[in-house]
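Asker: Okay, sequence plus prediction incoming.
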Amino acid sequence: QVHLVESGGRSVQTGGSLALSCALSGDIRNANAVAWFRQRPKEQREMIAGIKTDGQTYNTNSGRFTISWDSVNNAVLLQMNSLKPEDTAVYYCAATELLNWPLVNAYFYDYWGQGTQVTVSS
């Protein structure tokens, strides 16, 4: 079992930046990749970026978001820049035991955090 806890979500103004953190614990070796998803009200979860344990990354955003490992703290970071009101959502991190990459569909992720709210005001 892999446990994930997100932190860092808050309210910011348009153009601002945020750094989200996803802390991993438990059977971390089971996690072959970790990804950040977001879910806007009444929409499905969409993948923002993912990273494998070997460092390979995959991004579905316009380059404003960067994902990275914090190996010291067993965490995955998501740096978000030039935020827009449409970035308002609950942000989740998720881990998968699958070796395939990239995995964009939330269906393929085995473990999820509780989410953290990001609100961008204009």
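Answerer: Noted; the coordinates are in hand.
Asker: contacts and neighbour counts: CA atoms only from here.
Answerer: Will do.
Asker: Give the pairing partners of the worst-scoring helix or strand of the chain on mean pLDDT; include direction for each.
Answerer: None of the helices or strands of the chain scores lower by mean pLDDT, DSSP states H and E than strand 57-59, at a mean of 93. Paired strands of strand 57-59, with direction, are strand 46-52 (antiparallel) (DSSP bridges).
Asker: Go ahead and name everything in contact with the strand it pairs with.
Answerer: Applying CA atoms under 8 Å, 6 or more residues apart in numbering, the set of residues contacting strand 46-52 from outside is 32-39, 57-61, 65-69, 102, 104-106.
Asker: Can I have the buried ones of those residues as a ChimeraX selection?
Answerer: Here is the ChimeraX command that selects the buried residues among the contacts of strand 46-52 (16 or more other CA atoms under 10 Å):
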select :32,33,34,35,36,37,38,39,57,58,59,65,66,67,68,69,102,104,106
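Asker: Buried ones in stretch 82-98, by neighbour count?
Answerer: Neighbour counts over stretch 82-98 (16+ other CA under 10 Å) mark 83-84, 87-97 as buried.
Asker: Max pairwise distance over these: which two?
Answerer: The most widely separated members of the buried residues of stretch 82-98, counting by CA to CA, are Lys84 and Glu97 (32.4 Å).
Asker: picking up where we left off before, for Gly16, state which of the buried residues of stretch 82-98 is nearest.
Answerer: The closest of the buried residues of stretch 82-98 to Gly16 turns out to be Leu83 (CA to CA; 5.5 Å).
Asker: and the gap between the spatially closest residue to the closest one that is not a sequence neighbour and Pro85?
Answerer: Leaving aside its sequence neighbours, Leu83 sits nearest to Gly15 (CA to CA, 6 or more residues apart in numbering; 4.8 Å). Distance of Gly15 to Pro85, given as CA to CA, to the nearest Å: 9 Å.
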